[in-house]
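Undergrad: Would you be able to build a 3D model of this:
(2 chains)
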Number of protein chains: 2
Amino acid sequence: MMSKRYFLKTAVAAAVALGAVLAAPWSAAASAVVERWGSTEIALSGPSAGNPFMEVELSATFRQGARTLTVAGFYDGDGQYKIRFMPPETGEWEYETQSNRAELSGRKGTLTAVAPSAGNHGPVRVKNTHHFAYEDGTPFWQVGTTSYAWAHQTEALEQQTLATLAGAPFNKLRMAVFPNQDVKNQPPRFPFPGQPPKGWDLTRFNPEFFRHIEQRVGQLRELGIEADLILFHPYDKGYWGFDSLPADVNERYLRYVVARLGAYRNVWWSMANEFDFLKAKSMAEWDSYFQIVQASDPYQHLRSIHNAFVFYNHTKPWVTHVSVQSGAIAEDFERAVLFRDVYNKPVVYDEVKYEGNFSRRWGQLKPEEMVLRFWEGAIAGTYVGHSESYEDPNGLVWLGKGGVLKGQSPPRLAFFRKILSESPPEGLEPIDKWQNHPFAGKHAQYYLGYFGLGKPRSWPFVLFKTGLKDGMKFRAEVIDTWNMKVTPVNGTFEIVKRDDYTFADKNGRSIALPGKPYMALRIVRVDQ
Amino acid sequence: MMSKRYFLKTAVAAAVALGAVLAAPWSAAASAVVERWGSTEIALSGPSAGNPFMEVELSATFRQGARTLTVAGFYDGDGQYKIRFMPPETGEWEYETQSNRAELSGRKGTLTAVAPSAGNHGPVRVKNTHHFAYEDGTPFWQVGTTSYAWAHQTEALEQQTLATLAGAPFNKLRMAVFPNQDVKNQPPRFPFPGQPPKGWDLTRFNPEFFRHIEQRVGQLRELGIEADLILFHPYDKGYWGFDSLPADVNERYLRYVVARLGAYRNVWWSMANEFDFLKAKSMAEWDSYFQIVQASDPYQHLRSIHNAFVFYNHTKPWVTHVSVQSGAIAEDFERAVLFRDVYNKPVVYDEVKYEGNFSRRWGQLKPEEMVLRFWEGAIAGTYVGHSESYEDPNGLVWLGKGGVLKGQSPPRLAFFRKILSESPPEGLEPIDKWQNHPFAGKHAQYYLGYFGLGKPRSWPFVLFKTGLKDGMKFRAEVIDTWNMKVTPVNGTFEIVKRDDYTFADKNGRSIALPGKPYMALRIVRVDQ
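TA: Next comes the predicted model:
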């Protein structure tokens, strides 16, 4: 069994490595030195009279050779203006500000971007059509979780959540910018100044609210966790009205969030959770909100949107990857694989029901069922998300508020993630998507098979033909995905062509299996 | 068991009813009287010198009140020009021709469109997002088959195919305009004048070739069968070069086919079979070919495209419905349902492997497996296609050449079609698409359940909640889909709310089932 220490160690190492740079991440002027994909900040004093949120425009152009990036600044309250920059390349960068206020305009400077420290691999990008990698090429095998409102809780609870995440297997967290409706435990901060529930000044933002979100996103970055920021959600239920703001407020809000958070390399933009439950917004509005984020973000972080019953058209060009809720799709790799062909983008099944004991059917997966979905998704060449919904007398549910994990899936997902981390860096591709073939991998190199609920007692050593030749040799391991045990199979297997579609062990051997569910096989080429 | 006579009777009735009008379908001048959605033809004599295919432009504008349709004409050889018209409404229509040749321009006339005869329901249209109906509102429950090159065979074989179709359950036939490569049995006609294999004059068409296709499409129309015309396919394998014509020839060809065949109400346009195997055409070309057909067709027949391994983006606006090849998707209603949500268009799984005994894995479905796919597709609210690939010493395979059907699925598909024809006209909708619920129908009215390979011995009378109220009453029938037997269940079932999701029989009764595969249930509301 793999211990949680594996992840704690990784997290601590990352935090230490980033420490030197993160000690003063937001200096009053741009740091002279910043690491590539780190963040630095130009802080400027300017007007505080009137409504700077509405009246003051500010941006800076960063230049390195022929490359320029225009980065929007933002008003941080108290006459303070900021422009945040995440250098996409090492080396010297010059900048100059632009503003409709003379005192903020024409400010120039330079900074030096140095090589990233250990654990900083840059933002996550799409790789090989259906997969992800950090910008430095390091594969990103998405093992996500969701905790919508964890960053709208008490300091103690939020710290507990961070400690939980430090020991958990997740490298992505879906989290909402706006708080959930929660009348009993009102969130400590709101995005707009004013009086709850609805006495907001929608022409201004509350910088303290956003600083807090940024602090948490920064802490996730230290833990090596991507923050999949949910920009709109329906869980306000009309109480504070954040689910049905006027379009011009939504647009200002999006630009403000992107200006503040775009320089965090671990940010992903999720336009919404269950977008179709936000009845006040039309499909055309969603298109325009996507386009605003796309146009505002100089770093082009990943963008998607999450559904309830209606699917957004993920073929649209501003969608970088597919984010889907479906109760059934990740139960079966033959279902999960279908969306790859439809979209030709990475597919993340962010919501596949949750581990828990809720009365609602979306929240009562057994842990075995939760883990199965990750494996089925992987065999389909797709990615899956976890969350947890165990009843709690104090309403402390991971899905909503964070805290501690009570389920049994996380250690199995750590094991799963470790297996993925040992797979080909190109990403797992279905070996034979045409029909019932439970293997993914890389032809003639690596095969990962998963039998799900099946209870085979043996597996004849037969591989799908692509890339194979007589005489190739393989070793095999039997993987018990629930008990987290890898058992090598003695000897090697040499293949010969069997028929139009397959190659088989030349001696017709099979691999013995224990007749239990949740078993996997790993087959790796050895003769090269 | 339902006999084939059911369909024979229907077909004969349709042929008789249409006879009066079809006796002289293409008169030398426009018929004074034509039925709505019938076809009439304006025939004009004109220049035969030079190359009329390239040099003469001809169209007519048909006007009724404020409505006009511009219909392209075509050169039919020997100095004959034709414009075909399918009146979309009853009543008087005036027309006037336009041409770049004086003798063909400014010809005027009128015609009267009368009510359609029995069996003429107009062209098939999209209805209720995911379904089809004829233009007069009659539901169209697609039960398709495929015979690519049936219209490129000998007269005797083609007549045999028509006789087979007259007794078969299919209401749609996929068929190719271009012949398949077949060196041994060269097709009797080619689309271009010249010498096979590649000595074509691509600046002209061979009218006789197209007249023959039209004759066959017209005969399908008499049989009540939609002709899903495959405009391009890769089965030429470069032999005649029809798979890799220059783009300008492809464009002329599309316009010529639409001008000739658009007035047949039973035409659907399938841009290709296995489009991605046509390596000479880029995705942008496919887009433009779709747009040419869309712009050329005054009747806006249904348009789609069929894939091998790559999916066309069916969300594009010129695609009216989804046409898919997939070996696995229609095996399971939970897979099949997924594409409905992605595309929000009718979904037809035109190729789901074929009944037969071929060595290739796409052609060796057992008949039970073929029939299962139609039922699973229906439960998903989608439509499925049949074909047959039984080895034949003379190469007479239904899929390729037509002839006779040898399989055991057709009578079961006739039974399936009869069950569908008794379902709600709105089309079958998944009752609860969220998770493993094998029922489709109409909430609180009609439920069709299918257990596939499952062998239940009983089914507890429990319905998903939507639309239900305590006290509603239902009758039930057990359907053996393989043995084609409907067995009524004694008595009625009165429901009460059971939990957050379901209503159940108030006495907790179950329906006994025989513990065999391929069983279905039909449950119909009776208290209204």
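Undergrad: Is the spatially most central residue of chain A bridged to anything, and to what?
TA: Per Cα atoms, centre = their mean, the C-alpha nearest to the average position across chain A is that of residue A:172, at 3.7 Å. Per DSSP bridges, residues listed as beta-bridge partners of residue A:172: residue A:144, residue A:226.
Undergrad: Pretty sure it sits against residue A:229.
TA: No: Residue A:172 is beyond contact range of residue A:229, at 11.0 Å (criterion: Cβ atoms under 8 Å). Heads up, the C-betas are built off the backbone N, CA and C, glycines and all.
Undergrad: overlap in contacts of those two?
TA: residue A:268 (Cβ atoms under 8 Å, 6 or more residues apart in numbering or on different chains).
Undergrad: At which residues are the helices of chain A located?
TA: A:5-22, A:52-55, A:155-166, A:207-222, A:247-261, A:283-296, A:333-336, A:338-343, A:367-379, A:398-401, A:409-421 (DSSP state H).
Undergrad: can you put those in JSON lines and add mean pLDDT and mean neighbour count?
TA: As requested, these are exported to JSON lines (pLDDT from 0 to 100; neighbours: other Cβ atoms under 10 Å in any protein chain shown):
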{"stretch": "helix A:5-22", "mean pLDDT": "34", "mean neighbour count": "16"}
{"stretch": "helix A:52-55", "mean pLDDT": "98", "mean neighbour count": "16"}
{"stretch": "helix A:155-166", "mean pLDDT": "98", "mean neighbour count": "17"}
{"stretch": "helix A:207-222", "mean pLDDT": "98", "mean neighbour count": "19"}
{"stretch": "helix A:247-261", "mean pLDDT": "98", "mean neighbour count": "19"}
{"stretch": "helix A:283-296", "mean pLDDT": "98", "mean neighbour count": "16"}
{"stretch": "helix A:333-336", "mean pLDDT": "96", "mean neighbour count": "26"}
{"stretch": "helix A:338-343", "mean pLDDT": "95", "mean neighbour count": "22"}
{"stretch": "helix A:367-379", "mean pLDDT": "98", "mean neighbour count": "24"}
{"stretch": "helix A:398-401", "mean pLDDT": "97", "mean neighbour count": "25"}
{"stretch": "helix A:409-421", "mean pLDDT": "98", "mean neighbour count": "21"}
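Undergrad: TSV please, covering those and showing distance to residue B:86.
TA: Below are the helices of chain A laid out as TSV (distance: least, Cβ to Cβ, whole Å):
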stretch	distance to residue B:86
helix A:5-22	68
helix A:52-55	59
helix A:155-166	65
helix A:207-222	61
helix A:247-261	45
helix A:283-296	34
helix A:333-336	41
helix A:338-343	34
helix A:367-379	49
helix A:398-401	57
helix A:409-421	58
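Undergrad: Number of residues surrounding the closest residue to chain B within the stretch 51-200 of chain A?
TA: As assessed by Cβ to the nearest Cβ, chain B sits closest to residue A:129 within the stretch 51-200 of chain A, at 11.6 Å. If you count neighbours by other Cβ atoms under 10 Å in any protein chain shown, residue A:129 ends up with 13.
Undergrad: Not counting its neighbours along the chain, what's nearest it?
TA: residue A:344 (5.9 Å; Cβ to Cβ, 6 or more residues apart in numbering or on different chains).
Undergrad: Find the nearest non-adjacent residue to residue A:236, please.
TA: Nearest to residue A:236 is residue A:243, by Cβ to Cβ, 6+ apart, at 4.0 Å.
Undergrad: Is that neighbour in contact with residue A:273, as I believe?
TA: No: using Cβ under 8 Å, residue A:243 is not in contact with residue A:273, being 10.8 Å away.
Undergrad: Mutual contacts of the two, please.
TA: Joint contacts of residue A:243 and residue A:273 (Cβ under 8 Å, 6+ apart) are A:232, A:233, A:234, A:235.
Undergrad: The third one and residue A:281, how far apart?
TA: For residue A:234, the distance to residue A:281 under the criterion Cβ to Cβ, to the nearest Å works out to 10 Å.
Undergrad: ok, which residues in chain A are in contact with chain B?
TA: With Cβ under 8 Å from any Cβ of the partner chain as the criterion, chain A comes near chain B at residues A:309-311, A:313, A:315, A:326-329, A:331-332, A:334-335, A:338-339, A:341-342, A:344, A:359-361, A:433-436, A:500-501.
Undergrad: ok, of those residues, which come out buried?
TA: With burial judged by 16 or more other Cβ atoms under 10 Å in any protein chain shown, the buried subset of these is A:311, A:313, A:315, A:326-329, A:331-332, A:334-335, A:338-339, A:341-342, A:344, A:433-434, A:501.
Undergrad: wait, residue A:463 sits on residue A:505?
TA: No: applying Cβ under 8 Å as the test, residue A:463 and residue A:505 come out as separate, 9.2 Å apart.
Undergrad: which residues do these two both contact?
TA: residue A:495.
Undergrad: So for those two, which residue has more residues nearby?
TA: residue A:463 (27 against 20).
Undergrad: Find the residue closest to the more buried one in space, skipping its chain neighbours.
TA: residue A:503 (5.3 Å).
Undergrad: Tell me, how many residues neighbour the one you found?
TA: Residue A:503: 25 neighbours (other Cβ under 10 Å).
Undergrad: again with residue A:358
TA: With other Cβ under 10 Å as criterion, residue A:358 counts 17.
Undergrad: What pLDDT is listed against it?
TA: Per-residue pLDDT puts residue A:358 at 96.
Undergrad: Same check on residue A:141?
TA: 98.
Undergrad: Next up, the contacts around it.
TA: Contacts of residue A:141 by Cβ under 8 Å, 6+ apart are A:132, A:171, A:383, A:417, A:420, A:421, A:423, A:427.
Undergrad: go on, residue A:300?
TA: Contacts of residue A:300 (Cβ under 8 Å, 6+ apart): residue A:294.
Undergrad: Report the separation between it and chain B.
TA: Separation of residue A:300 from chain B (Cβ to the nearest Cβ, to the nearest Å) stands at 22 Å.
Undergrad: where does that residue fall, phi/psi-wise?
TA: phi 50, psi 60 (degrees, to the nearest 10).
Undergrad: Below-threshold pLDDT in chain A: ranges please.
TA: Flagging of chain A using pLDDT under 70 yields the residue ranges A:1-31.
Undergrad: rerun at 50
TA: Filtered on pLDDT under 50, chain A yields the residue ranges A:1-30.
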